[in-house]
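Asks: I need the structure of the sequence given here:
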Amino acid sequence: MRKKIALIGGGQIGQILAMVAAQKELGDIVLLDIPELEGPVKGKALDLMEMAPHGNYDANIIGTSDYKDIAGSDVVIITAGLPRKPGMSREDLLATNIKIISKVAEGVREYAPKAFTIVVTNPLDAMVYVFHKVSGFPKSQVAGMAGTLDTARWRAFVAMELGVSVEDVAGTVLGGHGPTMVPLPRLTTVGGVPLTDLLDAETIERIANRTREAGTEIVKLLGRGSAFFSPAWSAIAMAESYLKDKKRLLPVAALCEGEYGVEGLFLGVPARIGAGGVEKIYEITLNDEEKDLLSKTTDAVRKTVSECN
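Replies: Alright, predicted model coming up:
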């Protein structure tokens, strides 16, 4: 029997999630949106079914507005929410998206109580906290797509700067999904060579700052909406590691209970994702500068989360 993937939110990220999940044959797919948008998600699902002969994949894909259709899902990926607009911070989205995510959490709790749930909606660190609180799911069953995307952007910018393959860039980004995130140049390598041996400090800091503002850069360029290709692929990386028990070490927004000195917050940290969900958080030995930056990003996340209570 195929696995089942529920995608809550049928906008740009949702439709790309559906396409990539189908192409990777991760399972059957349910694309869910609000009743007013049921027609469009049904149309997108049908379009993807009609693409299958050329896409060379087998998957049953449906569009719906009824949470009953997500029953028995193995994975739920949530992108539902108000998108960012130019000049709007992730925090500006807070009040509206709290209501949306709370309603989603109730639906998932009722119909897919065993699903590994990945939250993409912004402000991400707060929305994954809200989902966890409302759903009552165990911490291993809930994660936010934060560091997975932030690290992809960091790796991409490093590769672009050096003119090398992204496959050879390894690194990680810690902290909140926003301008206080913490890229770790000291622990970044390119083909095994430390980044600090390849680029000067000024260039590295420029790349780090671009990584911190990467989402905002795309929002400004698009003029309407926010990034969709890279967030979708980042969430798929997490879902695939869970569904196939790959046990990848991915930076995700996981619930910290003492790790890195953080208590009760979802923060971007390296974690092993396998059939048990978030199976283990790995603590990196940080230097004083990195600890200070992590403390600042934790404070920023804590401030946003405090507004959710």
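Asks: What ranges does the stretch 1-150 of the chain have for its helices?
Replies: Counting by DSSP state H, counting those that start in this stretch, the stretch 1-150 of the chain has helices at residues 12-23, 38-55, 94-111, 124-135, 147-162.
Asks: Return the most buried member of the ones you listed.
Replies: Among these, helix 124-135 has the highest mean neighbour count (mean count of other CB atoms under 10 Å), at a mean of 25. In short, each C-beta sits where N, CA and C put it, glycine included.
Asks: what's that helix packed up against?
Replies: helix 94-111, strand 116-119, strand 142-144, strand 248-257, strand 263-274, helix 288-306 (3 or more CB pairs under 8 Å, 6 or more residues apart in numbering; DSSP states H and E).
Asks: between the first one and helix 124-135, what angle do the directions make?
Replies: Angle, helix 94-111 to helix 124-135, by axes from the mean of the first three to the mean of the last three CA atoms, to 10 degrees: 40 degrees.
Asks: again with the longest one
Replies: Helix 288-306 runs at 50 degrees relative to helix 124-135, counting by the same axes, to 10 degrees.
Asks: and what of the fourth one?
Replies: Here strand 248-257 runs at an angle of 70 degrees relative to helix 124-135 (the same axes, to 10 degrees).
Asks: Next, the residues that contact strand 248-257 from outside, please.
Replies: Outside of strand 248-257, the residues within contact range by CB atoms under 8 Å, 6 or more residues apart in numbering are 119, 124-125, 128, 132, 139, 142-148, 150-151, 172-174, 177, 237-238, 241, 262-274, 278, 281-282.
Asks: quick check: domain ranges of the chain?
Replies: Under the assignment automatic domain parsing, the domains of the chain span 4-144, 147-306.
Asks: count of neighbours near the closest residue to Asp69 other than its chain neighbours?
Replies: Of all residues not flanking Asp69 in the chain, Val30 sits nearest, at 5.3 Å (CB to CB, 6 or more residues apart in numbering). Val30 has 27 neighbours, counted by other CB atoms under 10 Å.
Asks: For the helices of the stretch 1-150 of the chain, give me TSV that also has mean pLDDT and distance to Arg224.
Replies: Shown next, in TSV, are those (pLDDT from 0 to 100; distance: least, CB to CB, whole Å):
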stretch	mean pLDDT	distance to Arg224
helix 12-23	98	11
helix 38-55	98	17
helix 94-111	95	17
helix 124-135	96	20
helix 147-162	97	20
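Asks: For the ones you listed, give me TSV that also has distance to Gly63.
Replies: What follows is the helices of the stretch 1-150 of the chain, written out as TSV (distance: least, CB to CB, whole Å):
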stretch	distance to Gly63
helix 12-23	9
helix 38-55	3
helix 94-111	16
helix 124-135	22
helix 147-162	25
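Asks: could you measure Gly261 against Ser306, distance?
Replies: According to CB to CB, to the nearest Å, Gly261 and Ser306 sit 18 Å apart.
Asks: typed the wrong thing, it's Val76
Replies: Following CB to CB, the distance that separates Val76 from Ser306 is 26 Å.
Asks: Then Gly191?
Replies: 43 Å.
Asks: got it, and Val142?
Replies: Distance from Val142 to Ser306, by CB to CB: 19 Å.
Asks: neighbour-wise, which of the two wins?
Replies: Of the pair Val142 and Ser306, Val142 is the one with more neighbours under other CB under 10 Å, namely 28 against 9.
Asks: list the contacts for the residue nearest the centre of the chain?
Replies: The residue lying closest to the centre of the chain (CA atoms, centre = their mean) is Met145, at 1.6 Å. Met145 sits next to Ile118, Val119, Val120, Leu124, Pro231, Ser234, Ala235, Met238, Val252, Ala253 when contact means CB under 8 Å, 6+ apart.
Asks: Count the residues that sit near the nearest residue to Met127 once chain neighbours are set aside.
Replies: Counting by CB to CB, 6+ apart, Thr121 is the residue found nearest to Met127 once chain neighbours are left out, at 4.6 Å. A count of nearby residues for Thr121, using other CB under 10 Å, gives 28.
Asks: next one: Arg210
Replies: Counted with other CB under 10 Å, Arg210 comes out at 17.
Asks: That one and Ile204 touch, don't they?
Replies: No. Here Arg210 does not reach Ile204: they are 10.8 Å apart, not a contact under CB atoms under 8 Å.
Asks: surely His177 meets Phe266?
Replies: No. In this structure, His177 is not within contact of Phe266 by CB under 8 Å, at 9.7 Å.
Asks: Quick check: neighbours shared by the two?
Replies: Asp125, Gly144, Ala253.
Asks: Arrange the residues you listed in a markdown table, one row each, with distance to Gln12 as further columns.
Replies: As requested, the shared contacts of His177 and Phe266 are exported to a markdown table (distance: CB to CB, whole Å):
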| residue | distance to Gln12 |
| --- | --- |
| Asp125 | 22 |
| Gly144 | 19 |
| Ala253 | 21 |
